[in-house]
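**Student:** Quick one: sequence and predicted model below, then my questions.
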Amino acid sequence: MAILENKWPQLIVLWFDQCFQNIACGLVKITMYIGLVAYICYMFIVHKRHQEKEELTSAVRINLKGVVYAGRIWDSAEYTMPMQASLNLMPAVLRNSEDFTVLIKNNIHFPTFNYTAQNISPKLNISCKFNKVTSPLCPIFRLGDIVKEAKENYSEMAIKGGIIAIEIKWDCNLDSWFHHCSPEYSFRRLDDKTRTHYTGFNFRFANHYKLPDGREHRTLFKAYGIRFDVLVFGMAGKFSFTELFIFLGSTTTYFGLAGTIIEICFCLYKCSNCCKIACCEKVIRKKYEAVPMPEEVMFVSHVDEPQITLVKMPLKTSLQNAKSSIAENCFVKFYDPRTCESSENHSTGECELRELTQSTSSSACPKWCNCGRCNESENYQEQLCCRKTDGQCVTTRRWFMQLVLSRDTLNNALLYDDPFLDQTGHESNSRLRRVAYKQYIHWRFGFSDLEDRAIIPSCCKNLIRNTYPN
């Protein structure tokens with residue numbers, strides 16, 4: 001009879017804890033985690049994943065200034081000439097137009113944040129001109145500089161035509177502790193100059209008039225030039241607790257993903273027939289620690305000790321001398337004498353039992369016996385005495401005879417469970433013996449449900465068997 005008790009604390013050590021026992025595996029794991037932390041910091045600082053984002057809405061106005069003198073008279077034939085002749089040797093008609101300046105006024109608004117800004121600062125120097133190094137925020141641009149920033153030649157584009165994009169990018173940080181919202185200008189060519197047909201940019205317009213004889217005439221003009229498109233785009237961000245928690249929650253899964261990736265690598269290594277690596281072999285061997293089966297535990301109660309002791313299996317010596325510990329919150333709860341019968345019903349049976357106990361005393365007492373009434377046994381689990389120290393056996397006491405061995409008490413216990421039980425059958429002694437065991441356990445341990453987990457001393461068990469034999 002024993003009880004199963006889990007060994008506590010019992011830890012299942014996973015392979016990644018064993019990794020640190022090897023320097024190479026530990027370095028691999030630490031390197032991967034450092035890389036993950038660096039990636040998280042990069043996303044947090046550079047991409048500002050803790051902010052709520054919103055795209056802008058914008059409006060653009062342009063003012064163009066510039067005067068150029070061509071020194072010639074144009075007729076309608078000159079506008080159509082580029083289609084009939086080679087353009088490579090023809091100079092631009094308005095070559096000095098590259099000195100024209102254009103003022104770009106750009107207003108942006110972020111509705112969610114209720115924030116408005118413009119590219120013209122109140123402290124702007126009106127005589128400035130855009131320069132990517134010295135004046136990167138100036139909204140006044142020279143046409144020649146725009147084309148140059150796009151890595152194109154102004155004279156060639158003026159002859160063949162082309163489309164240049166002026167890109168205004170807004171990257172705004174609206175956090176109060178690091179506020180920043182200013183435009184960034186860039187330039188690039190939109191059309192493909194490598195095409196052989198329909199290259200450049202041109203448009204047609206007509207001039208209608210009447211001759212003196214009343215006939216209507218039309219002069220069709222085809223003009224080549226450079227078109228400038230202003231493209232505005234950007235994003236604003238502001239701190240948000242919701243976005244912060246979402247970002248932190250999503251990044252914590254990366255560490256689990258890293259462990260999964262390493263696990264897959266070890267599985268692939270285990271399945272492959274490549275060269276053996278000592279580090280990997282050690283990790284695979286120690287991936288899991290074997291968990292032992294639950295230990296068997298037995299409860300023991302001595303009449304000369306107030307507490308119940310606990311003994312763990314397996315036994316290496318007699319149960320009487322085995323190492324034990326006090327079971328917490330388990331003290332002997334003696335049987336309530338009010339539940340047994342009166343002494344009048346036991347007068348005859350008590351005399352018979354006293355004679356029986358006196359006749360069953362053993363002359364050859366085992367070494368582990370302290371009461372002088374135990375029988376020798378080869379089974380360590382049965383080598384248990386009712387006493388921890390030398391003294392009188394509990395079987396000689398009146399309460400043992402009245403509570404455990406009394407036939408009237410045992411019959412009443414059987415009738416309590418089954419009032420219609422037939423007590424005259426051939427199995428009556430077997431039933432009485434089992435009830436006697438329960439009576440002793442309830443008397444000495446205080447719990448009737450310990451029938452399969454409490455050990456009855458050898459002296460008591462032998463007397464019960466002799467009193468109610470099979």
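**Tutor:** Happy to help now that I have it. Computed from a prediction, not measured in an experiment: that's the story for all the values here. Numbers count the residues shown, from 1 in each chain.

**Student:** hey, which strand is longest across this protein?
**Tutor:** strand 226-239 (DSSP state E).

**Student:** Could you list the low-confidence segments of the protein?
**Tutor:** 1-26, 70-95, 266-295, 328-363, 447-451 (pLDDT under 70).

**Student:** Give me the residues contacting the helix or strand hosting residue 207.
**Tutor:** In this structure, residue 207 sits in strand 202-210 according to DSSP states H and E. Applying CB atoms under 8 Å, 6 or more residues apart in numbering, the contact partners of strand 202-210 are 76, 161, 216-225. For the C-beta atoms, the positions are set from N, CA and C on the backbone; glycine is no exception.

**Student:** likewise stretch 115-126?
**Tutor:** 104-110, 137-140, 168, 170, 172, 174, 181-183, 236.

**Student:** Pull out the buried positions in that stretch.
**Tutor:** 115, 117, 119-120 (16 or more other CB atoms under 10 Å).

**Student:** now the angle from the strand holding residue 207 to strand 226-239?
**Tutor:** 130 degrees (axes from the mean of the first three to the mean of the last three CA atoms, to 10 degrees).

**Student:** Which of the three states applies to the residue most central in space within the chain?
**Tutor:** With distances taken as CA atoms, centre = their mean, the residue of the chain nearest its centroid is residue 253 (5.0 Å). Assigned with DSSP: H, G, I helix; E, B strand; the rest coil, residue 253 falls in the helix class.

**Student:** Pretty sure residue 433 sits against residue 462.
**Tutor:** No - if you go by CB atoms under 8 Å, residue 433 and residue 462 don't touch, sitting 11.7 Å apart.

**Student:** related to what we said a few turns ago, the strand holding residue 207: which residues count as buried?
**Tutor:** residue 202.

**Student:** cool, and stretch 301-314?
**Tutor:** 301-303, 308-313.

**Student:** Could you list every helix and strand that the helix or strand that contains residue 102 packs against?
**Tutor:** Assigned by DSSP H and E, residue 102 falls within strand 101-110. Here strand 101-110 touches strand 57-65, strand 115-118, strand 140-142, helix 143-149, strand 162-173, strand 226-239, going by 3 or more CB pairs under 8 Å, 6 or more residues apart in numbering; DSSP states H and E.

**Student:** What pairs with it, parallel or antiparallel?
**Tutor:** strand 57-65 (antiparallel), strand 115-118 (antiparallel), strand 140-142 (antiparallel) (DSSP bridges).

**Student:** Which one of those lies nearest to residue 377?
**Tutor:** When the strands paired with strand 101-110 are compared by CB to CB, strand 115-118 sits nearest residue 377, at 91.6 Å.

**Student:** So what's the gap between that closest one and the chain middle?
**Tutor:** 41 Å (CA atoms, centre = their mean, to the nearest Å).

**Student:** now the angle between strand 162-173 and the strand holding residue 102, please.
**Tutor:** Using the same axes, to 10 degrees: strand 101-110 against strand 162-173 is 40 degrees.

**Student:** Can you list the neighbours in contact with strand 101-110?
**Tutor:** Residues outside strand 101-110 that contact it (CB under 8 Å, 6+ apart): 54, 56-66, 115-120, 129, 139-143, 146, 166, 168, 170, 172, 174, 183, 228, 230, 232, 234, 236.

**Student:** Centre of the chain to that strand, how far?
**Tutor:** 47 Å.

**Student:** For that strand, buried residues please.
**Tutor:** Neighbour-count burial for strand 101-110 [16+ other CB under 10 Å]: 101-102, 104, 106-108, 110.

**Student:** one step back: in the contacts of strand 202-210, find the pair that's most separated.
**Tutor:** Maximum distance among the contacts of strand 202-210 (CB to CB): 30.0 Å, for 161 and 216.

**Student:** Can you pick out the residue with more neighbours from the two?
**Tutor:** Taking other CB atoms under 10 Å, residue 161 and residue 216 do not tie; residue 161 has more neighbours (21 against 8).

**Student:** Ramachandran angles for the more buried one?
**Tutor:** phi 90, psi 160 (degrees, to the nearest 10).

**Student:** got it, and residue 186?
**Tutor:** phi -150, psi 160.

**Student:** and the gap between it and residue 104?
**Tutor:** 13 Å (CB to CB, to the nearest Å).

**Student:** Next: residue 423.
**Tutor:** Taken as CB to CB, the span from residue 423 to residue 104 is 113 Å.

**Student:** cool, residue 392 as well?
**Tutor:** In terms of CB to CB, residue 392 sits 113 Å off from residue 104.

**Student:** Kindly confirm my reading that residue 121 is in a helix.
**Tutor:** No - if the criterion is three-state DSSP, then residue 121 is coil and not within a helix.

**Student:** for the protein, what spans make up the helices?
**Tutor:** Along the chain, counting by DSSP state H, helices occupy 15-18, 23-45, 76-80, 143-149, 154-160, 241-271, 278-285, 347-359, 398-400, 407-417, 428-445, 458-467.

**Student:** can you put those in JSON lines and add distance to residue 377?
**Tutor:** Listed next are the helices of the chain as JSON lines, based on distance: least, CB to CB, whole Å:
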{"stretch": "helix 15-18", "distance to residue 377": "46"}
{"stretch": "helix 23-45", "distance to residue 377": "54"}
{"stretch": "helix 76-80", "distance to residue 377": "127"}
{"stretch": "helix 143-149", "distance to residue 377": "104"}
{"stretch": "helix 154-160", "distance to residue 377": "112"}
{"stretch": "helix 241-271", "distance to residue 377": "52"}
{"stretch": "helix 278-285", "distance to residue 377": "44"}
{"stretch": "helix 347-359", "distance to residue 377": "19"}
{"stretch": "helix 398-400", "distance to residue 377": "21"}
{"stretch": "helix 407-417", "distance to residue 377": "25"}
{"stretch": "helix 428-445", "distance to residue 377": "17"}
{"stretch": "helix 458-467", "distance to residue 377": "7"}
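
**Student:** what's the closest of those to residue 384?
**Tutor:** Across those, residue 384 has its closest neighbour in helix 458-467 (5.8 Å, CB to CB).

**Student:** which helices and strands does the closest one pack with?
**Tutor:** By 3+ CB pairs under 8 Å, 6+ apart, helix 458-467 packs against helix 347-359, helix 428-445.

**Student:** repeat that for 10 Å
**Tutor:** helix 347-359, helix 398-400, helix 428-445 (3 or more CB pairs under 10 Å, 6 or more residues apart in numbering; DSSP states H and E).

**Student:** which secondary structure elements does the shortest one contact?
**Tutor:** Secondary-structure packing of helix 398-400 (3+ CB pairs under 10 Å, 6+ apart): helix 347-359, helix 428-445, helix 458-467.

**Student:** next one: the longest one
**Tutor:** Taking 3+ CB pairs under 10 Å, 6+ apart as contact, the helices and strands that helix 428-445 lies on are strand 295-301, strand 324-331, helix 398-400, helix 407-417, helix 458-467.

**Student:** Could you identify which of these is most buried?
**Tutor:** Across the helices and strands packed on helix 428-445, averaging neighbours per residue (mean count of other CB atoms under 10 Å) puts helix 458-467 on top, at a mean of 21.

**Student:** Can I get that one in CSV, CA atoms only?
**Tutor:** Coordinates of each C-alpha in helix 458-467 appear next as CSV, following Å, rounded to 0.1, in the frame of the first residue of the first chain:
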residue,chain,number,x,y,z
SER,A,458,3.1,-6.4,11.7
CYS,A,459,1.9,-7.1,15.2
CYS,A,460,-1.5,-5.6,14.6
LYS,A,461,-2.0,-7.3,11.2
ASN,A,462,-1.0,-10.7,12.5
LEU,A,463,-3.4,-10.5,15.4
ILE,A,464,-6.3,-9.4,13.1
ARG,A,465,-5.5,-12.3,10.7
ASN,A,466,-5.3,-14.8,13.6
THR,A,467,-8.6,-13.5,15.1
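
**Student:** With that, I have no additional questions.
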